[in-house]
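Trainee: Pasting the sequence and the predicted model now:
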Amino acid sequence: MATDFPEQIKSLGATLTSIETVLDLPSINREIDELQEQVGAPDLWDDQANAQRVTGRLSALQAEVERVTGLRQRLDDLEGG
């Protein structure tokens, strides 16, 4: 049974594009920028509960973006190579 890798890669690309659309990466990146500004504030740790919320949310969003962009890069590498 022959495997049609180009077609599978194309299908994975379409699925990943759908995921990127649902996640709304531009919106996530805007939120990351806002959270990074908050993290840079000198009084962030005056309210430890808020600081932990901000840094936790920032970390989670950055990990999500890294995961999706990593998958996109791997898929692009497959398509090109």
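Mentor: In hand now; what should we look at? Numbers count the residues shown, from 1 in each chain.

Trainee: All the helices of this structure, in order from the start?
Mentor: Using DSSP state H, the helices assigned to the chain run over residues 5-23, 25-39, 48-80.

Trainee: Could you export those as TSV, including mean pLDDT?
Mentor: Shown next, in TSV, are the helices of the chain (pLDDT from 0 to 100):
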stretch	mean pLDDT
helix 5-23	94
helix 25-39	98
helix 48-80	96
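
Trainee: Could you dump those into a markdown table and include mean neighbour count?
Mentor: Placement of C-beta: from N, CA and C, glycine included. Output for the helices of the chain, formatted as a markdown table (neighbours: other C-beta atoms under 10 Å):
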| stretch | mean neighbour count |
| --- | --- |
| helix 5-23 | 12 |
| helix 25-39 | 13 |
| helix 48-80 | 13 |
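
Trainee: Now do D4 against R67, distance only.
Mentor: Distance of D4 to R67, computed by C-beta to C-beta, to the nearest Å: 27 Å.

Trainee: Next: L12.
Mentor: To R67, L12 is 15 Å away according to C-beta to C-beta.

Trainee: swap in L61?
Mentor: For L61, the distance to R67 - C-beta to C-beta - is 11 Å.

Trainee: Repeat that for D76.
Mentor: From D76 to R67 the distance is 15 Å (C-beta to C-beta).
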